[in-house]
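Novice: The following comprises the amino acid sequence and a computationally predicted model.
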Amino acid sequence: MIQSRKHESTMKLVLYVFAFFMLWEWLRPVKELTDANNMTVFIIFMALSMALHFFRVRVWLRFVVLACFLGFSIHFLYYETLILDTTWLFDFFGKFASDVSLLFQARFLEISFEFQTLLVFILLWLITYLLHYWITVKKSIFLFFIVTVIVVSVLDTFTVYDASVAIVRLVIIGFSMLGFLSLFRLSSLEKLSISVPALRKWLIPLMVMVGFSSCIGLAAPKLDPQWPDPVPFITSYSEKATGSGETNRIGYGVDDTKLGGGFENDDTVVFRAEAQSRHYWKVENKDFYTGKGWVVSQESDELYTEFVNGEEITGGTVYPPGVKKIDLKASVSVKLPYSHVPYPESSSLNKVNAPAGEVYRYHFITERITSYKATGGGLKLKQLELAYSMPRFDINELKKVKMRDGIGMGPEFMNQYTQIPTAFPERVKQLAGKITAGKENWYDQAKAIEDYFDSGEFVYDQNDIPYPNETEDYVDQFLFETQRGYCDNFSTAMVMMLRSIDIPARWAKGYTEGTQINHNGERVYEVTNNNAHSWVEVFFPNVGWVPFEPTKGFSNRADFYYASSEPAEAPNKQQQTEQTVQPATKPVPTKEEEVSQESTTQPEKKAEVNWLTEHWKSMIAIIASILFATLLIYRFRRRWLPNVLIMLYKRKKDDQSFTKAYMALLTQLNRMGLKRPEGQTLREYAEYVDSYFHSGEMGKITRSYEKYIYRGGQNSEEWEQNRKLWENLIKKTIS
Amino acid sequence: MIQEDKHPRLEKVLGNIEKVIIGKRDIAELSLVALLAEGHVLLEDVPGVGKTMMVRALARSINASFKRIQFTPDLLPSDVTGVSIFNPREQEFIFRPGPIMGNIILADEINRTSPRTQAALLEGMEEASVTVDGVTRKLDKPFFVMATQNPIEYEGTYTLPEAQLDRFLLKMKIGYPDIQEEMEVLHRAQYVPPIEELEPVITLEELRELQQGVKTVHVDDTLKRYIVELSSRTRSHNSVYLGASPRGSISLMKAAQAYAFLNGRDYVLPDDVQYLAPSVFAHRLILKSEAKYEGITAEQIVNEIIMKIPVPVKRLVNG
């Protein structure tokens, strides 16, 4: 007997090892197909988990061991500090929290590697548990085997992974396991212990068969693939997943190296701002155009200046003293925390005050403000108070700029902001020249180009915007071929046209002002991912950077005016030009304006509709998950209902409770699969149930119940006497 | 058959019968049920399987007077009921009681005699009295008839009319013993016929008490309803031409009471009803000829109905 048990555990060990190898087959392609390069950790984890299952270590101990290993691995993979220095743990849990929120927003590509690794570990742990369950309890591995085979062959077909050896390994492992397990199943079914001769009788044919069939399979001639290689499709797909390929843009992205593709709508709220003025929100700008997109020309520590939270900023954007400014304040509550700080466009920022803020770094070229911890490392802020000066641009002043030598217009500066790729198509420059012909100053030239996009030839469209092919230029494609696009197309085209006629310009990006939602009488703007935007900034030597808005359907929010003190212009002419020049703010009503107009007429209904349109996805998700949960709870009622019933009937003493309890027991037994035909008497049924449980409890309780219902007397004591029996029985139905 | 501890007195009777009849405990029980419920039994079987022996053993066990009437085609009603003959010395008619004037009567091969004679017996069974020459004479109690008949296919028989079949509480078949049992029968028959050795275990008086006891067995309303549902279902069944009568329902209830009593219970279970329903109902149903041709038997139909009608598992609410 002991001998046979020993054999059994040896066999079980073999099974666990086999299962481990089978699971390994899942991890092998991962190494080849993704950029994961440290699979050893996962394999050790898997082996450890299987071993813990095999030795039937206590559950809490399993958990502790695996959690420790998991911690060590994550530390080993991603942190360079000492493991005893627990700061990495805080960092990890900080990421964990934000990643969980990302997970629920389905923004999977942004999830940190640490969290991804953690998820993989958890998945592996679940799978090893399943394997353990299949081997020990169900004694059946067929499902897992077949799924593994399917996965491996699909990977072989559709990816670069070559599974020709893997499939041989799988066949050997899988069929051996099937054979072993069916022996186990048989022996437990027939309650036999496995003796050595029996084992031999079983194993030898099994090995011969598996070996023979694998040899035949290997030796046999094989048909060539019956369909064209789908690999190119998959590679492009996987590029999309890693972000380097052709992807639709969603919201604000950091990477602008490859512009093009559709712009996907996404209602996720990025931040809400309580602001006194209506303006765009800038995050950064970029200066170097590659022909396909934008990058930053220089990146070094010298290009940064630091300032402390709540202190006056020195060294940021400053407009010359001649430019009128209005000092304003805004309060931003960020819903999607990033470490960068959005700030009102065209303003010079005076102060950033965040309750949780520490230090900020300002990049001179990109004008991007990033929040840091005093100790280093990014810091995501949820609440920001901004103090800024909003300039007012005097159009007369702007019109004065006609040549390129002004303040701060060194050759280096001009080279940087009139940079053009070497292969830039000549026809763009020709077009720019044609549009600006007859305009003498920079302002008028810029306005002319800005207005050019207003013509009917250009269409604002977010869908199916093509990428330029290898030899094509992004701007050229938009201007001459598609003439269809969204902000990136318009703004890049305008910047490059300006640069082609030697006007310094740069590409700015951030968010539009968003939708005005009034909150407690305050002007609150809600900015979502849909409001991600890009526009143009042109440098005027006497004024500074001035925003322009070429994108069709959007209007420039910057403050332009004609100084009334200007002697050169007669008052009524000024009036006239103000109307014609006003195109700084475009005549076309913008979407936002329409929305806000509507919202003033029917604010409540609109808000309701808005709420519904914005939240319908999550509503459906919530309803679906509630339904699903209900379904699950209902489906597994056999598991939990008995406990509820026990609670329910434990204290009841009235006449009806015996009937109710007994009926509940019948229903519960029925759910378990012990069905009672309608015509069967309780006594017959009880015999059947007792023979199933090998006990006499059902018979006993049924006799009492019979007496209770068929004898006509009121016997509430019957229930009292039988409660224990009833509890025992109903507990049996759970297992 | 329900496995329960029997009523102690009746267990003795059953034990006594078992000394003579090997196996066939269920038949013995059913006979006892009929006796307790003051009903009568129709045994339908081939000769030689122990019908007579069964009745005699029962009669001896309760110390009752046992009479046997062998029915033949030329038997007259007066041969059953008795006849008044003139006594010249006393110058008056003296009643000579017939074999029906007993406690336990075996009416052997009842289907061999003329309907007139059959009627004489059946009247006695129903009324518990016979009328001879205008005088009605009460029959002794207990009065228990066990009639046998050969299966209908045999020649020279007068089929019992349905109205009369209805008067039997139970109809059953004894059937052949199995090999072991039959060997045991041979073994016992080799020596003394064991019937001669049987001692009575209860008196007639006690039997009457037991019969009264049966009537006090509780039949819950749910079960009354169940019985009625069963019998009404026989009336609407597709293969049945004529279903069980209300007398059939009454019979089932009484039989169930007796059976419960026999099993030492003072209340009836659905199990009792189910167990007895085929024996009580089968001979009361007239099947449609199509059903007969298809080989469906009344027992099958009753069993099918039992399977279909839900057993009451709760107390009846609102009557």
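Specialist: Yep, it's here. Numbering: from 1, shown residues only, chains lettered A, B, ... in the order given.
Novice: List the contacts of stretch A:644-653.
Specialist: With Cβ atoms under 8 Å, 6 or more residues apart in numbering or on different chains as the test, stretch A:644-653 has contacts from A:657, A:660-661, A:664, A:668, A:716, A:719-720, A:723, A:726-727, A:730-731. C-beta coordinates here come from the backbone N, C-alpha and C atoms, glycine included.
Novice: Give me the pLDDT for the residue in the stretch 101-250 of chain A that chain B sits nearest to.
Specialist: Per Cβ to the nearest Cβ, residue A:191 is where the stretch 101-250 of chain A lies closest to chain B, at 28.7 Å. pLDDT for residue A:191: 72.
Novice: swap in residue A:35?
Specialist: In this model, residue A:35 carries a pLDDT of 57.
Novice: cool, residue A:570 as well?
Specialist: pLDDT, read off for residue A:570, is 42.
Novice: ditto for residue B:275
Specialist: What the model reports as pLDDT for residue B:275 is 91.
Novice: what's around it, how many residues?
Specialist: Residues near residue B:275, counting by other Cβ atoms under 10 Å in any protein chain shown, number 22.
Novice: Roughly how far does it sit from chain A?
Specialist: Per Cβ to the nearest Cβ, to the nearest Å, residue B:275 is found 9 Å from chain A.
Novice: Surely residue A:361 is in a strand?
Specialist: Yes: judged by DSSP: H, G, I helix; E, B strand; the rest coil, residue A:361 forms part of a strand.
Novice: quick one: the residue nearest to the spatial centre of chain A and residue A:529, what's the gap?
Specialist: The centre of chain A sits closest to residue A:107, judged by Cα atoms, centre = their mean, with a distance of 1.4 Å. Noted for residue A:107: a distance of 10 Å to residue A:529, by Cβ to Cβ, to the nearest Å.
Novice: One more: residue A:471?
Specialist: Counting by Cβ to Cβ, the gap from residue A:471 to residue A:529 is 33 Å.
Novice: who's more crowded, those two?
Specialist: residue A:529 (21 against 7).
Novice: The more buried one contacts residue A:270, correct?
Specialist: Yes: taking contacts as Cβ atoms under 8 Å, residue A:529 lies within contact range of residue A:270: 6.0 Å.
Novice: near chain B, which of the contacts of stretch A:644-653 show up?
Specialist: With the criterion set as Cβ under 8 Å from any Cβ of the partner chain, no member of the contacts of stretch A:644-653 is near chain B.
Novice: Show me these that map onto strands.
Specialist: Counting by DSSP state E, none of the members of the contacts of stretch A:644-653 fall within strands.
Novice: PyMOL command for the buried members of the residues you listed?
Specialist: Per 16 or more other Cβ atoms under 10 Å in any protein chain shown, the buried members of those correspond to this PyMOL selection:
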select buried, chain A and resi 657+660+661+664+668+719+723+726+727+730
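Novice: now, the most widely separated pair of the contacts of stretch A:644-653?
Specialist: Spatially, the most separated pair among those is A:716 and A:731, at 23.3 Å (Cβ to Cβ).
Novice: ok, and what's touching the helix or strand harbouring residue A:216?
Specialist: In the assignment (DSSP states H and E), residue A:216 maps to helix A:196-219. Residues from elsewhere that reach helix A:196-219 (Cβ under 8 Å, 6+ apart): A:3, A:7, A:11, A:168, A:171-172, A:175-176, A:179-180, A:183, A:192.
Novice: again, but for stretch A:428-437
Specialist: With Cβ under 8 Å, 6+ apart as the criterion, stretch A:428-437 contacts A:444-445, A:448-449, A:452, A:473, A:475-476, A:479, A:496-498, A:500-501.
Novice: Reformat those residues as TSV; add neighbour count and pLDDT.
Specialist: Formatted as TSV, the contacts of stretch A:428-437 follow (neighbours: other Cβ atoms under 10 Å in any protein chain shown; pLDDT from 0 to 100):
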residue	neighbour count	pLDDT
A:444	17	87
A:445	24	86
A:448	17	88
A:449	26	87
A:452	20	87
A:473	21	86
A:475	26	86
A:476	20	86
A:479	24	86
A:496	29	88
A:497	29	87
A:498	27	87
A:500	20	86
A:501	18	86
